[in-house]
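Student: Predicted model follows, preceded by the sequence.
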Amino acid sequence: MSSGLFLLLALGIGVVAGLRSLTAPAVVAWAAHIGWINLHGSPLSFMGTAWAVGIFSFLALVEFVADQLPSTPARTAAVGLSARIVTGALTGACLAIAGGATVWLGALAGAIGGIAGAFAGYHARVGLVRTLRVPDLTIAIPEDLIAIGLGLLLVSRF
């Protein structure tokens, strides 16, 4: 595969981070742990450890629950957006390493995907809730499933 394709995958995993900031690193950690992607010998090899899998999986589950709370700030607010940029960059860099692409370009693609995913996901969710006149939870749960499914699809391309 070409490095351009891996950068596209890095952008995609960034979009996943934009939807759910901790789903992307959880999926990437699992993919590295079970051997779908190879991070051995890289500075990001820690992502394949059992500790990373456990921590990111736990945090992703906490995020799924916290996202449903009315007191949770918008993902486009400073803290939430910053987290999505950081996790998008981290996971984009991981996919770039696994694909033999430039790490910094992968991190940049992931960060850009994180921003795009945050704003697109926010506007899609708010728009669907208003248009369909349904409780937020009705849209939030499918959004969780989309983030998980898209993340798995992207890391399984290696």
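Tutor: It's in.

Student: now the helices for the chain?
Tutor: For the chain, applying DSSP state H gives helices covering 3-19, 23-34, 50-66, 78-99, 103-132, 136-155.

Student: I'd like those laid out as TSV, including distance to residue 40, mean neighbour count and mean pLDDT.
Tutor: For every residue, glycine as well, the C-beta is placed using N, CA and C. Formatted as TSV, these follow (distance: least, Cβ to Cβ, whole Å; neighbours: other Cβ atoms under 10 Å; pLDDT from 0 to 100):
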stretch	distance to residue 40	mean neighbour count	mean pLDDT
helix 3-19	17	25	95
helix 23-34	9	26	98
helix 50-66	14	15	97
helix 78-99	10	24	97
helix 103-132	15	19	97
helix 136-155	16	17	97
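
Student: now these in TSV, with distance to residue 72?
Tutor: Compiled in TSV, the helices of the chain are given as follows (distance: least, Cβ to Cβ, whole Å):
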stretch	distance to residue 72
helix 3-19	14
helix 23-34	15
helix 50-66	6
helix 78-99	8
helix 103-132	12
helix 136-155	10
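
Student: Contact partners for the nearest residue to residue 40 once chain neighbours are set aside?
Tutor: Nearest in space to residue 40, with sequence neighbours left out and distances taken as Cβ to Cβ, 6 or more residues apart in numbering, is residue 48 at 7.5 Å. Residue 48 makes contacts with 29, 32, 33, 39, 40, as judged by Cβ atoms under 8 Å, 6 or more residues apart in numbering.

Student: where's residue 48 relative to residue 41, distance?
Tutor: In this view, residue 48 and residue 41 are 11 Å apart by Cβ to Cβ, to the nearest Å.

Student: now residue 19
Tutor: Residue 19 is 31 Å from residue 41, where distance means Cβ to Cβ.

Student: got it, and residue 145?
Tutor: Taking Cβ to Cβ, one finds residue 145 at 34 Å from residue 41.

Student: Residue 158 too?
Tutor: Separation of residue 158 from residue 41 (Cβ to Cβ): 16 Å.

Student: The two - which one has more neighbours?
Tutor: residue 158 (15 against 7; other Cβ atoms under 10 Å).

Student: so what pLDDT did that one get?
Tutor: With respect to pLDDT, residue 158 scores 84.

Student: That one contacts residue 97, correct?
Tutor: No - with contact defined as Cβ atoms under 8 Å, residue 158 does not count as touching residue 97 (10.9 Å).
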